[in-house]
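Novice: I need the structure of the sequence given here:
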Amino acid sequence: MAPKKKKVISSSFDNMKHYMKSVTSDTCIQCTQQCQRGLAYIEKMSKPGAIGYGVSCILTRGTPTQDTKSKAGKRK
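Specialist: Take a look at the predicted model:
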């Protein structure tokens, strides 16, 4: 028999990535609570010729259970 596969434990950031807004370096610069991810992105984008697609903002995350609870509560 083949050995059993181990479950890969994902971080909470990976689980919530789809619920976060993607922001540009301009938004990160103006942010009052600059996170480590945002500061690294600002530094990356400050170099000439840098191409960026935005970074997921941890301050704009939601929870997946909020969406399902609000829809389920409206049914009769």
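
Novice: tell me which element residue 27 falls in.
Specialist: Element membership of residue 27, judged by DSSP states H and E, is helix 25-30.

Novice: now for that helix, which elements pack on it?
Specialist: Judged by 3 or more Cβ pairs under 8 Å, 6 or more residues apart in numbering; DSSP states H and E, the packing partners of helix 25-30 are helix 36-45. Placement of C-beta: from N, CA and C, glycine included.

Novice: contacts for the helix it packs on next, please.
Specialist: Judged by Cβ atoms under 8 Å, 6 or more residues apart in numbering, the contacts made with helix 36-45 from elsewhere in the structure are 23, 25, 28, 29, 31, 34, 50, 52, 55, 56, 57, 58.

Novice: closest to residue 2 among those?
Specialist: The nearest member of those to residue 2, counting by Cβ to Cβ, is residue 56 at 36.0 Å.

Novice: find the nearest non-adjacent residue to that closest one, please.
Specialist: When the adjacent residues along the chain are set aside, residue 56 lies closest to residue 20, with 4.2 Å between them (Cβ to Cβ, 6 or more residues apart in numbering).

Novice: low-confidence stretches in the chain?
Specialist: Residues of the chain that meet the criterion pLDDT under 70 lie in 1, 8-18, 61-76.

Novice: picking that back up, what subset of the contacts of helix 36-45 is buried?
Specialist: When burial is judged by neighbour count using 16 or more other Cβ atoms under 10 Å, the buried members of these are 23, 25, 28, 55, 56, 57.

Novice: list just the nearest of those to residue 7.
Specialist: Compare each of those with residue 7 using Cβ to Cβ and the shortest gap goes to residue 56, at 23.8 Å.

Novice: and the contacts of the helix holding residue 27?
Specialist: When contacts are defined by Cβ under 8 Å, 6+ apart, helix 25-30 is touched by residues 34, 38, 39, 41, 42, 45, 46, 52, 55, 57.

Novice: now do the contacts for the first one.
Specialist: With contacts taken as Cβ under 8 Å, 6+ apart, residue 34 has the following neighbours: 28, 42.
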